[in-house]
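Colleague: Dropping a prediction and its sequence here:
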Amino acid sequence: MSLAFAFALALLAQEGQATLQSCVFEADGWVCRYRVPEAIYRPQAPTPAAPAPAAAVPVEAASAVAAPAPDREAARRARLISRCAEADWLSLCTPDDRREAKALKAQAEARTALRLEVTALAAKDQCPDAIRVALEGGDLDLAREIRAFCAPAN
């Protein structure tokens, strides 16, 4: 009951956000009904990634390395990360959602760091080391991309 009361107070504290409709004392305690205006959720547009240089990758290799279309699970994970990873206590994320979002965010940051390290090695023309680091990091798709990128150089 105290959590519901705290939520009701938080809603009332937001100016013009919620209107008290009625309160009734029932067997379990007070039950209050509020009118909450409709909220429109507009997710932020994803920032476009920097395009890879077109001259460095042949057309055949580019089509072989093209990323598959994003699936529903990837979209769900992205929404969960953006909504619940850094959410405050008033957000509508459950504790399980918050834990999963934080773990997914940590995995995404680890993948980004690995990709940065691998591309830095490839930029220094150390392709065998870049492939080895990608494989040791467990990212087989990245290892394939780097192998295809380095193939014309070999």
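Modeller: All right, it came through fine. Numbering: from 1, shown residues only.
Colleague: least trustworthy helix or strand in this protein by mean pLDDT?
Modeller: helix 59-65 (a mean of 47; mean pLDDT, DSSP states H and E).
Colleague: just checking, next helix/strand downstream of that helix?
Modeller: Downstream of helix 59-65, the first helix or strand assigned by DSSP states H and E is helix 72-84.
Colleague: From the contact counts, what lies against that following helix?
Modeller: helix 95-123 (3 or more C-beta pairs under 8 Å, 6 or more residues apart in numbering; DSSP states H and E). No exception for glycine: its C-beta is placed from N, CA and C like everyone else's.
Colleague: Arg132 looks like it's in a helix, true?
Modeller: Yes - according to DSSP: H, G, I helix; E, B strand; the rest coil, the state of Arg132 is that of a helix.
Colleague: any idea of the pLDDT on it?
Modeller: pLDDT recorded at Arg132 is 93.
Colleague: One more: Pro95?
Modeller: So, for Pro95, pLDDT stands at 87.
Colleague: ok, it - how many residues close by?
Modeller: Pro95 has 8 neighbours, counted by other C-beta atoms under 10 Å.
Colleague: try Ala87
Modeller: 15.
Colleague: Could you shift the numbering so residue one becomes 16, and keep it that way?
Modeller: Okay, residue one is now 16; in that scheme the one you just asked about reads as Ala102.
Colleague: Isn't it up against Pro110?
Modeller: No - using C-beta atoms under 8 Å, Ala102 is not in contact with Pro110; the gap is 10.7 Å.
Colleague: Any regions of this protein where pLDDT drops low?
Modeller: For the chain, applying pLDDT under 70 flags the ranges 16-33, 52-85, 168-169.
Colleague: make it 50
Modeller: Counting by pLDDT under 50, the low-confidence segments of the chain come to 27, 29-31, 65-80.
Colleague: Go ahead and list the helix or strand containing Ser37.
Modeller: Judged by DSSP H and E, Ser37 forms part of strand 34-41.
Colleague: Packing partners of that strand?
Modeller: Counting by 3+ C-beta pairs under 8 Å, 6+ apart, the packing neighbours recorded for strand 34-41 are strand 44-50.
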